[in-house]
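Novice: Give me a model of this one.
(chains A and B)
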Number of protein chains: 2
Amino acid sequence: MRGRRDASAADSVTDTAPPARSGRRPGRSGTKDAILTVARRRFAEAGFDRASVRSIASDAGVDSALVHHYFGTKRDLFVAAVALPVDPDETLKPILAADIDDLGPTLARTILGVWDSENGQGIVAAFRSMIASGDTSLISSFLLQIALRDTAVRVDVPAGSGLERVGLVASQMAGLLLTRHILELEPIASMPADRLVAVVGPTLQRYLTGPLPD
Amino acid sequence: MRGRRDASAADSVTDTAPPARSGRRPGRSGTKDAILTVARRRFAEAGFDRASVRSIASDAGVDSALVHHYFGTKRDLFVAAVALPVDPDETLKPILAADIDDLGPTLARTILGVWDSENGQGIVAAFRSMIASGDTSLISSFLLQIALRDTAVRVDVPAGSGLERVGLVASQMAGLLLTRHILELEPIASMPADRLVAVVGPTLQRYLTGPLPD
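Specialist: Residues are numbered from 1 along each chain as shown, chains lettered A, B, ... in the order given. Purely as a prediction, here's the structure:
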């Protein structure tokens, strides 16, 4: 929840916030919304890495410092822009801590746990609205540059295969999100998470550390 | 393409079509559109099995015979309602003909082949618009009652496991459609189909005929 907490903290100290540098002086929440709107567009067009906080601030007619003040780091801004109800850093902890030979089941268990939690509905809603609006590059950025980046480095054996491995993981997990929570396809929709982990975990493990075709 | 062809054939012989039975007399294409609109809603509400051609005709203010005349069988009407650009019967042939020990790779090869064909874009568009509009029960009906029904019967070992097995297949394949064609996540998006079949085929095979947790 770091991004969220930073944003609320900013609310309470807004008297000290640097003023917008352009002639426009929208209200505080207007400014925050404007920054989020610009950020969403920039991240979608340029991807997470190439979209700079400076360019986002400039497009929104504010100072970079104000963007950091309201939203924290660029990563926090991204999380706020895609309106995720969970903090990826917290969520990804067990995955980063897992032994590499247990990465598949751990990934399945962790991600299914988030979806089945009280925050799950918000994630499904964000996912569905991004598909509906065509803002799919935000999902790709999130997957590759936030959720799976560290894992891709760990499973990059042979060298160069890491992105393919985590892409395959993404394909299975995105399909589970879709069939379990959006299509609500039975019996997947109501299957106990433990059972799904037992079935899908070995698939992910093979994608992550198993042999790949030449 | 059967549903489509029937519909065009109906166009050319429309002089002999039975008249709408209600007082309303919309033009020919108005009637066909009205039938499709009602069919889409009925299939979404009641599912493929429980939505009857008679109830659809009645809601559209026409005779069942006219529905059959324009669209062929109930299955053809369903395919027209979800606006699929391919005939599932044709598409599924190689899957139904495959040896059960080769079902996973055959499924992957066949379905990837359709998506990568000239009709693929239409399928992606239909899929995306159903997710956007929330008409997801049409996709579920299509998967369970058209695309995977016969396969579920073949892999129902132990008895009762068939739907879980094809549901897992649906989760992997829906995720591939999503990552390859909607999110366009690299390197999945541009990976040669043969390579994807080699990687994902064994996953599907395990879901279809491998051991399941108790």
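Novice: and A:I35, what element?
Specialist: Using DSSP states H and E, the element containing A:I35 is helix A:28-50.
Novice: After that helix, which helix or strand is next?
Specialist: Sequence order places helix A:53-60 as the next helix or strand after helix A:28-50, per DSSP H and E.
Novice: Check which residues of that following helix are buried.
Specialist: A:V53, A:I56, A:A57, A:S58, A:A60 (16 or more other Cβ atoms under 10 Å in any protein chain shown). For the C-beta atoms, the positions are set from N, CA and C on the backbone; glycine is no exception.
Novice: May I see those organised as CSV, with pLDDT and distance to A:P105 added?
Specialist: CSV is the format used below for the buried residues of helix A:53-60 (pLDDT from 0 to 100; distance: Cβ to Cβ, whole Å):
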residue, pLDDT, distance to A:P105
A:V53, 94, 37
A:I56, 94, 38
A:A57, 95, 42
A:S58, 95, 45
A:A60, 94, 43
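Novice: Run through who's touching the helix holding A:I35.
Specialist: By Cβ atoms under 8 Å, 6 or more residues apart in numbering or on different chains, the list of residues contacting helix A:28-50 from outside reads A:7, A:11, A:14, A:17, A:20, A:26, A:51, A:55-57, A:59-62, A:66-67, A:70-71, A:74, A:77-78, A:80-82, A:135, A:137-138, A:140-142, A:145-146.
Novice: for stretch A:127-146, same thing?
Specialist: Applying Cβ under 8 Å, 6+ apart, the contact partners of stretch A:127-146 are A:40, A:43-45, A:47-49, A:75, A:78-79, A:81-82, A:84, A:88, A:152, A:163, A:166, A:170, A:177, A:182, B:128, B:131-132, B:178, B:182-185.
Novice: And the helices in chain A, which stretches?
Specialist: Secondary structure of chain A (DSSP state H): helices at A:2-12, A:28-50, A:53-60, A:64-71, A:74-81, A:88-97, A:103-116, A:120-133, A:136-141, A:149-154, A:162-176, A:193-209.
Novice: Could you look over the ones you listed and pick the most buried one?
Specialist: Here the criterion is mean neighbour count by mean count of other Cβ atoms under 10 Å in any protein chain shown, and of the helices of chain A the winner is helix A:162-176, at a mean of 24.
Novice: Compute the inter-axis angle for it and helix B:162-176.
Specialist: Interaxial angle, helix A:162-176 versus helix B:162-176 (axes from the mean of the first three to the mean of the last three Cα atoms, to 10 degrees): 130 degrees.
Novice: any residue of helix A:162-176 up close to chain B?
Specialist: Yes - counting by Cβ under 8 Å from any Cβ of the partner chain, chain B is contacted by helix A:162-176 at A:L163, A:E164, A:G167, A:L168, A:A170, A:S171, A:Q172, A:M173, A:A174, A:G175, A:L176.
Novice: Quick check: chain neighbours aside, which residue is closest to the fourth one?
Specialist: Take A:L168 and drop its neighbours on the chain: the residue closest to it by Cβ to Cβ, 6 or more residues apart in numbering or on different chains is A:Y207, 3.9 Å away.
Novice: That neighbour contacts A:V169, doesn't it?
Specialist: Yes - in this structure, A:Y207 is within contact of A:V169 by Cβ atoms under 8 Å, at 5.2 Å.
Novice: overlap in contacts of these two?
Specialist: In contact with both A:Y207 and A:V169: A:G104, using Cβ under 8 Å, 6+ apart.
Novice: Now do the contacts for A:R165.
Specialist: With the criterion set at Cβ under 8 Å, 6+ apart, A:R165 makes contact with A:A152, A:V155, A:D156, A:Y207, A:L208, A:T209, A:L212.
Novice: nearest to chain B, of the buried residues of helix A:53-60?
Specialist: Chain B lies nearest to A:I56 out of the buried residues of helix A:53-60, by Cβ to the nearest Cβ, at 22.6 Å.
Novice: got a pLDDT number for the residue of chain A found nearest chain B?
Specialist: Per Cβ to the nearest Cβ, A:G175 is where chain A lies closest to chain B, at 2.3 Å. Per-residue confidence (pLDDT) for A:G175: 95.
Novice: who in chain A is up against chain B?
Specialist: Residues of chain A lying close to chain B by Cβ under 8 Å from any Cβ are A:128, A:131-132, A:136, A:139-140, A:143-144, A:163-164, A:167-168, A:170-176, A:178-180, A:182-188, A:191, A:195, A:198-200, A:202-203, A:206-207, A:212-213.
Novice: Hmm, A:G201 is touching A:L112, no?
Specialist: No - at 9.9 Å, A:G201 does not count as touching A:L112 under the criterion of Cβ under 8 Å.
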